[in-house]
Structures are given as structure tokens and as C-alpha cells.
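Student: Got a sequence here, can you model it:
(chains A and B)
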2 protein chains.
Amino acid sequence: MQDIYPSRHAQAAAFLPRLDPVVHGGWHEGAPLSREQAAQFDRDGYLVLEDMFSDEEIAFLQGEAGTLLADPDALEEETVVTEPGGREIRSIFRIHAQSRVMGRLAADERLAQVARFLLGDEVYIHQSRLNYKPGFQGKEFYWHSDFETWHVEDGMPRMRALSMSVLLAENTPHNGPLMLIPGSHRSFLTCVGETPEDHYRMSLKKQEYGVPDETSLAELAHEHGIVAPTGKPGTVVLFDCNVMHGSNGNITPFPRANAFLVYNAVGNALERPFGAEKPRPDFIAARGDPDRIVPVGGPLMAEAVA
Amino acid sequence: MQDIYPSRHAQAAAFLPRLDPVVHGGWHEGAPLSREQAAQFDRDGYLVLEDMFSDEEIAFLQGEAGTLLADPDALEEETVVTEPGGREIRSIFRIHAQSRVMGRLAADERLAQVARFLLGDEVYIHQSRLNYKPGFQGKEFYWHSDFETWHVEDGMPRMRALSMSVLLAENTPHNGPLMLIPGSHRSFLTCVGETPEDHYRMSLKKQEYGVPDETSLAELAHEHGIVAPTGKPGTVVLFDCNVMHGSNGNITPFPRANAFLVYNAVGNALERPFGAEKPRPDFIAARGDPDRIVPVGGPLMAEAVA
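Tutor: Presented below is the predicted three-dimensional model:
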């Protein structure tokens, strides 16, 4: 099978055409987004949804996040990731499966119906995590397209997935918020592979791969600019699987936290990785028969308490 | 002599009262700042001045910065500082003495008269530098009060100095701009010294000292908030010597550059350091008989070309 999104093979980076829609479902009356919102997501590759949850629901989610962060020993060990060189927790993966509250959030119709509409299919959770960027010492996260990694390392065939970041702490311009390059999702930037002269690199850690080159990043940023959505807790930032994004570090005392949910179309389930021998573990990229989401209505608290 | 601003001696941090004015000169008709601007500097500890320079002057300064960065070998070697672990230049010190253009900028009446007014005295350059924070890999600069260091390590007796950052590239919210805690200049936050249990720290590098503690920083930030002035090239950000400030890293492709000038009152010239055996070198903190500035009017280009 020919790989329509080859990456990490060539000696030079290239912008390849995107061969998939961004909005897979046609807009219709009764769609969970307005026509303008759908058009904006299509054009920019991201969308900010405010006031989706009640204050009580936000407090409920924050409480659950606090519980998960406070007792990591209760979780599957491999799903808890600490800051490089530190002990503070940076991410907890697979929260939709480890926490009933987070599972309920992932299935909530206010999110899941939007995902189904944009992806034009039933959906499942490809990856979920609780992100926590502590104050004072929060590290940066360099630019990347999620799809590049998901395709090469996990075997996601097409661009038919999206991420939702549900803010659990205020995102200000100062505490290292998510930065996006709007419009960058419209082409696929390949990453450079090992060149013959570069064989020593094979001993480097995996994260050395899949890094976009500076020239292409500068080109994207100069053409499209950079945005960093801010918002109060409960704000939802949606973005396409191929939009270029990253974040600066955070020396402010204000931590940043979000529940992060990646929805993939059921018809886009993982195959063999396109550029790796062995797929990454299941808690990072769900494999096998997709566990399709049945959207649930009503306040978040109801079912979790029942 | 009793030290009214002791730091790095005690085992716990403390907020001490500021025993010096912020605006040392009384406002009067004909002052180089409006009454409102003077009051704002007094209250917040910083001020942003826009449209101070013509487009031609800004281009002239940017050109000079480019020349200095392009040929570091023409400069005193010790004044050129590179990024930790990298080769890109982060700062060039003593630019007012090494570059005729930068010397002219430091003496320009649009800046120097403001400094003389706010400090209520004739002034000289305590420190000057060209700061360059490269794109993609720009490192963060942790919170600090300049005065704490200048007092302890350089022997600056009182709070009667201020900094001016003349932006040479656009400061956006995303490229690691200067962050300040407005109002933090109104008290002196002491830094913790070595505790008896901490003797091993004596082998650490100097920058491990003079670092404010997280609890006090959180207190300041929660009380006063954080601001990060943005602006186009030519914008001047003024701030008091004791205001708490720092900056996040910069993963964007957009570098940040500024000409940085520290004015000190002639009557506040350096004495023996209040907490160090040996003062830091002269290119970091000018010692000896102050080289008082005679303000110069007219466009920046005129004299430099003459």
C-alpha cells in the first residue's frame, strides 16, 4: 500500500497536499455547531467553545482532576508521566478509562456530538489525558502536528481525528497556553528522516524524530501567524489532528491544567504503523476494535453519582 | 554601616519595606512625563512609552544591532554572552561604550531626561546590553528583582535606578516578552541564604542565589497580577529597579531583541557589595567615578554620522 502521508523518510522536509477533508460531515440544520463555527474550523483548524459547562460541572471536573493528581498510585503506573528531571506530574494518560468522571466527560453529547459531526462518523477515544503544567517550572512543548506522529508511530491512516482540550484552570497569555498556527492543517509537513551521514542519530531518543524543521515552521508562522486561545475553566479548545501547535514554558505561579480528549472516526481505526516497527502502547494510542462512544446527555454529575 | 536591604542572609524570605521613593523628582510643568505617567510609574513600577522614535531611527538602531550581532569578534570578548549550551548570542554587554550609536541612544534626551526626572538626579549608565532572544530555542529568564542583585553583588546602596528596554523587534504575547508584577516594587523581597544544612550549595553556580522563593512569588502574583507589555519596535518599556520581572521561553520563530539601558542616579553610585566578597566586573556594573550623561537632542542619526 502506498503511503499518502510519508514522513521521516526523505532528507528534506516538504509540504504535501492534505488529501482529506477537515469537516467530514456536511453542515445541516440541527448540527451541533453553527454554520459559521463549522466554516471557521474548516478554515483555521481550530475552534474555541465557551460556556459549555455549568460552574458546578467545572468544579466537579476540577475536583476529579485533583483526586487523580493527588493519588497517582491508584492509577496504572505507566499512564503517569512526570516532568523531565522532576517529580511533578505532567500528564496522566487514559483518563477516560481510569476515571468514571472523565469517561462520562468523553461521552458527553456536548463534546461527542461535535466530534461525530466534524468527523462525519461514529467516534472513539484514540487517546485521553489529564495535562498538568505546574507553575514556576512548566516546560515548553515544541511545535508538532499530532497526525504526523499518530500516522508514523501509531498507524492512523487518514486525517479524520480531532482533539478537545477542556480547560480546568484559566489559560492566560502568560502561563504557557496552547499556541496554534491557524491554517497550517491544510498541508502535511513531512519531517526529515535520518540521512546517511546521520546514522549516529539512531541512538537518540524517539522524541528527536517527528520534529518539524525551523525553516518550514518560520514559513508557516509568517504566513498564518500564531494564536493562543485564552479562557476560563470550562472553555473547550478544539483542533484538527494536523494543525501545527506547541506551547512555551511557564514561569508564572499559575499552573495550567486541562482534560485532553482525542476523538478518532471509527472508520479511521489504527492499522500497522507507517514508519515504526512496533506500535506504541495502547494507553497512548488505542488499538483493536474501536470502543465506539454512545453520547450521553444531562449534567456531568448525574450519572457519575448514580 | 547597617544594611537596610539585607538579602541572602536569613533562612526565610521576608518582605521588607521600601525605604526609598519610586519617583524621586517632584512633578512639575515641563517635566518629560505627564502627571498621569509619573503617577502610573509610581504605582505600578513600570511604564510603556510608544512612538518615541521615528521609523528611520528605529531602522537605524536595528541596523546597528544587526552589525553588533554579526561581528562579535569586534567586541570585548567578555561582553558577549551566548545561550546556555548554545552558540547563539543572548546578550552583548556595555553596548553604550562599544557602539557609538548605542552610546548616542543612551544619551538621547527622550530617554535620559525621563531618567533624570524620575531619579531626581543626574544619571549615568550602570549597565547596558543588547538582548537577543532567538526564535525556536529562546530560554526563559526566571523572576527576579534587579536591585536585589545590584545591591548584594554590586554594592548599589539605594533604590534609585531604573531600566529602559528599547524594543528592536516586535514583542508579542507569544515570543517570551518581559513579564512584570505591577506594584511588586513597593516592598523588598529578601532571598534565602545558605542554611547550615545547605552547605553543599556553595559549589553551585552563582545564579542559584538571589532567586525569590515560590511562596512569595505566588503571593505577589495573586495580589497584583502579571502584565506583559507588547509593542512594535521602538516602544520603550521603563521599569523600576525593584519590580519583580522575568520572561518565559520562546518557541516561536519570532526572535526578540531590545537595547537595554540601566540608568542610576549619580548620587547612588556603587559602594562595596553588600553581600559578596568581590564586586562583579565593570562591564556588568559600572564602578568608580560615574560617567554622567549629558542629554543630547535631535535625531539619533545626526551625531553618529557626523
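Student: tell me the secondary structure for residue A:131?
Tutor: Put simply, residue A:131 is strand when judged by DSSP: H, G, I helix; E, B strand; the rest coil.
Student: what's around it, how many residues?
Tutor: Using other CB atoms under 10 Å in any protein chain shown, residue A:131 has 21 neighbouring residues. Every residue, glycine included, has its C-beta placed from N, CA and C.
Student: What score does it have for pLDDT?
Tutor: Looking at residue A:131, its pLDDT is 93.
Student: Surely it touches residue A:91?
Tutor: Yes. Between residue A:131 and residue A:91 a contact is recorded at 5.3 Å, counting by CB atoms under 8 Å.
Student: Model confidence at residue A:75, what's the number?
Tutor: Confidence at residue A:75, expressed as pLDDT, is 95.
Student: Residue A:22 and residue A:143, how far apart?
Tutor: To residue A:143, residue A:22 is 19 Å away according to CB to CB, to the nearest Å.
Student: How about the residues of the stretch 201-306 of chain A by chain B?
Tutor: Contact residues, the stretch 201-306 of chain A versus chain B (CB under 8 Å from any CB of the partner chain): A:214, A:217-218, A:221-222, A:226, A:228, A:246-254.
Student: Apply the buried test to these and list what passes.
Tutor: Among these, the ones that count as buried by 16 or more other CB atoms under 10 Å in any protein chain shown are A:217, A:221, A:226, A:228, A:246-254.
Student: Now render those as a markdown table, adding secondary structure, pLDDT and distance to residue A:269.
Tutor: Putting those into a markdown table (DSSP: H, G, I helix; E, B strand; the rest coil; pLDDT from 0 to 100; distance: CB to CB, whole Å) gives the following:
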| residue | secondary structure | pLDDT | distance to residue A:269 |
| --- | --- | --- | --- |
| A:217 | helix | 97 | 31 |
| A:221 | helix | 97 | 33 |
| A:226 | coil | 98 | 33 |
| A:228 | coil | 97 | 32 |
| A:246 | strand | 96 | 27 |
| A:247 | strand | 95 | 29 |
| A:248 | coil | 95 | 34 |
| A:249 | coil | 93 | 35 |
| A:250 | strand | 94 | 35 |
| A:251 | coil | 95 | 41 |
| A:252 | coil | 97 | 40 |
| A:253 | coil | 96 | 42 |
| A:254 | coil | 95 | 38 |
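Student: out of the residues you listed, what pair is the most spread apart?
Tutor: Spatially, the most separated pair among these is A:217 and A:253, at 29.9 Å (CB to CB).
Student: and the two most separated of the residues of the stretch 201-306 of chain A next to chain B?
Tutor: Pairwise distances across those (CB to CB) peak at 33.2 Å, for the pair A:222 and A:253.
Student: Test my guess that residue A:189 contacts residue A:216.
Tutor: Yes. Between residue A:189 and residue A:216 a contact is recorded at 5.4 Å, counting by CB under 8 Å.
Student: which residues do these two both contact?
Tutor: A:13, A:15 (CB atoms under 8 Å, 6 or more residues apart in numbering or on different chains).
Student: So which residues of the stretch 1-150 of chain A form helices?
Tutor: Assigned by DSSP state H, counting those that start in this stretch, the stretch 1-150 of chain A shows helices spanning A:35-44, A:55-70, A:95-98, A:100-107, A:109-119, A:146-149.
Student: Of the ones you listed, which stretch is the most buried?
Tutor: Sort the helices of the stretch 1-150 of chain A by mean neighbour count, taking mean count of other CB atoms under 10 Å in any protein chain shown, and helix A:146-149 sits at the top with a mean of 24.
Student: So what touches that helix?
Tutor: For helix A:146-149, contacts defined as CB under 8 Å, 6+ apart pick out A:5, A:7, A:156, A:159, A:161, A:163, A:188-191, A:210, A:212, A:241-242, A:245, A:262.
Student: Can I have the buried ones of these as a PyMOL selection?
Tutor: In PyMOL, a selection of the buried entries from the contacts of helix A:146-149 looks like this (16+ other CB under 10 Å):
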select buried, chain A and resi 5+7+156+159+161+163+188+189+190+191+210+212+241+242+245+262
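Student: Lowest pLDDT pick from the contacts of helix A:146-149?
Tutor: Ranking the contacts of helix A:146-149 by pLDDT, residue A:210 lands last with 81.
Student: Find the residue at the geometric middle of chain A.
Tutor: By CA atoms, centre = their mean, the mean C-alpha position of chain A lies nearest to residue A:163, the distance being 4.1 Å.
Student: quick one: contacts for the spatially closest residue to it that is not a sequence neighbour?
Tutor: The spatially closest residue to residue A:163, leaving aside those adjacent along the chain, is residue A:262, at 5.0 Å (CB to CB, 6 or more residues apart in numbering or on different chains). Neighbouring residues of residue A:262 by CB under 8 Å, 6+ apart: A:125, A:126, A:127, A:128, A:146, A:161, A:162, A:163, A:164, A:241.
Student: sec struct for residue A:262, please.
Tutor: Following three-state DSSP, we place residue A:262 in the strand state.
Student: can you pull up the bridge partners for it?
Tutor: For residue A:262, the beta-bridge partners under DSSP bridges are residue A:127, residue A:163.
Student: how close does it sit to residue A:93?
Tutor: For residue A:262, the distance to residue A:93 (CB to CB) stands at 11 Å.
Student: what do those two both touch?
Tutor: With CB under 8 Å, 6+ apart, residue A:262 and residue A:93 have common neighbours A:127, A:128.
Student: didn't residue A:212 look like it was pressed against residue A:13?
Tutor: Yes. Using CB under 8 Å as the test, residue A:212 is close enough to residue A:13 to be in contact (7.0 Å).
Student: For those two, list the residues in contact with both.
Tutor: The overlap between the contact sets of residue A:212 and residue A:13 (CB under 8 Å, 6+ apart) consists of A:189, A:191.
Student: picking that back up, quick one: closest of the helices of the stretch 1-150 of chain A to residue B:105.
Tutor: Among these, helix A:35-44 sits nearest to residue B:105 (CB to CB), with 40.6 Å.
Student: How much space separates the residue nearest to the centre of chain A from residue B:162?
Tutor: 45 Å.
Student: and what of residue A:294?
Tutor: Per CB to CB, residue A:294 is found 63 Å from residue B:162.
Student: Next: residue A:219.
Tutor: Counting by CB to CB, the gap from residue A:219 to residue B:162 is 40 Å.
Student: what about these two, which has more around it?
Tutor: Each of residue A:219 and residue B:162 has its neighbours counted (other CB under 10 Å); residue B:162 has more, 30 against 15.
Student: Distance check, that one against residue B:184.
Tutor: As for residue B:162, its distance to residue B:184 is 14 Å (criterion: CB to CB).
Student: that older thread, correct me if wrong: the residue nearest to the centre of chain A contacts residue A:258.
Tutor: No. At 10.3 Å, residue A:163 does not count as touching residue A:258 under the criterion of CB under 8 Å.
Student: low-confidence ranges in the stretch 201-306 of chain A?
Tutor: Per-residue confidence for the stretch 201-306 of chain A (pLDDT under 70) gives these ranges: A:201-208, A:303-306.
Student: mind redoing it with 90?
Tutor: Across the stretch 201-306 of chain A, the ranges flagged by pLDDT under 90 are A:201-210, A:275-278, A:302-306.
Student: hang on, the earlier thing: looking at residue A:22 and residue A:143, which has the bigger crowd around it?
Tutor: Taking neighbours as other CB under 10 Å, residue A:22 and residue A:143 compare with residue A:143 leading, 26 against 21.
Student: list the contacts for the residue nearest to the more buried one when sequence neighbours are not counted?
Tutor: Nearest non-adjacent residue to residue A:143, counting by CB to CB, 6+ apart: residue A:246, 4.1 Å away. Going by CB under 8 Å, 6+ apart, residue A:246 touches A:140, A:141, A:142, A:143, A:144, A:178, A:179, B:251.
Student: Now do residue A:246 against residue A:141, distance only.
Tutor: Relative to residue A:141, and taking CB to CB, residue A:246 is found at 5 Å.
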